[in-house]
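Student: Below is the sequence, then the predicted model.
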Amino acid sequence: MSALYIDADACPVKAEAEKVATRHRIKMFVVSNGGLRPSQNPLVETVIVPDGPDVADMWIADRCGPGDVVVTGDIPLAAKCVEAGAQVLKHNGEALSAANIGNVLATRDLMTDLRAADPFRQGGGKGFTKADRSRFLDALERSLRAAKSKI
């Protein structure tokens with residue numbers, strides 16, 4: 001059985017993911033260390049993990065595999081999930097796979113080093129747009145269809 005795993009801390013597309021998972025009748029795990037209102041949807045399980053660095057990430061990485069879809073913005077978690085055989089999507093719909101995860105990890109590490117070297121560097125990422133949300137919905141739909149075909 002395939003499942004959808006949501007790395008829920010700071011995830012802007014939980015509601016959208018729930019709608020798509022429900023349409024496909026796929027179990028969805030919303031994983032965080034608290035602060036979320038549980039869904040009443042019987043297909044959605046809210047998983048509250050203990051506080052601690054990367055505890056939610058480890059919970060997801062330990063359970064996902066081929067036929068599953070993981071939604072996360074955490075690149076190291078994405079790499080573990082790709083390695084486990086899961087399909088991985090960022091919140092903006094960008095697919096992370098064995099073909100691109102190495103470059104994405106390297107870019108993340110480079111940006112971390114640049115920020116550390118310049119403590120006055122301002123700015124963050126760009127804002128989350130309606131176009132990002134639309135791309136995510138389309139990508140999730142395609143990923144869940146592909147995951148179902150692997151079962």
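Tutor: Great, that's in hand.
Student: Please make it C-alpha for all contacts and neighbour counts, starting now.
Tutor: Fine.
Student: V104 reaches I75, doesn't it?
Tutor: Yes. V104 lies in contact with I75 (Cα atoms under 8 Å); the separation is 7.4 Å.
Student: Tell me the helix or strand right after the worst-scoring helix or strand of the chain on mean pLDDT.
Tutor: Sorting the helices and strands of the chain by mean pLDDT, DSSP states H and E puts helix 101-117 at the bottom, at a mean of 66. On the C-terminal side of helix 101-117, the closest following helix or strand by DSSP states H and E is helix 130-149.
Student: Spit out the contact partners of the closest residue to A79 other than its chain neighbours.
Tutor: When the adjacent residues along the chain are set aside, A79 lies closest to I101, with 6.2 Å between them (Cα to Cα, 6 or more residues apart in numbering). I101 is in contact with A78, A79, V82, counting by Cα atoms under 8 Å, 6 or more residues apart in numbering.
Student: so who does the closest residue in space to A98 that isn't next to it in sequence touch?
Tutor: Nearest residue to A98 in three dimensions, chain neighbours excluded: V82, at 6.3 Å (Cα to Cα, 6+ apart). Applying Cα under 8 Å, 6+ apart, we find V82 in contact with V88, L96, S97, A98, I101.
Student: Thanks a lot, see you next time.
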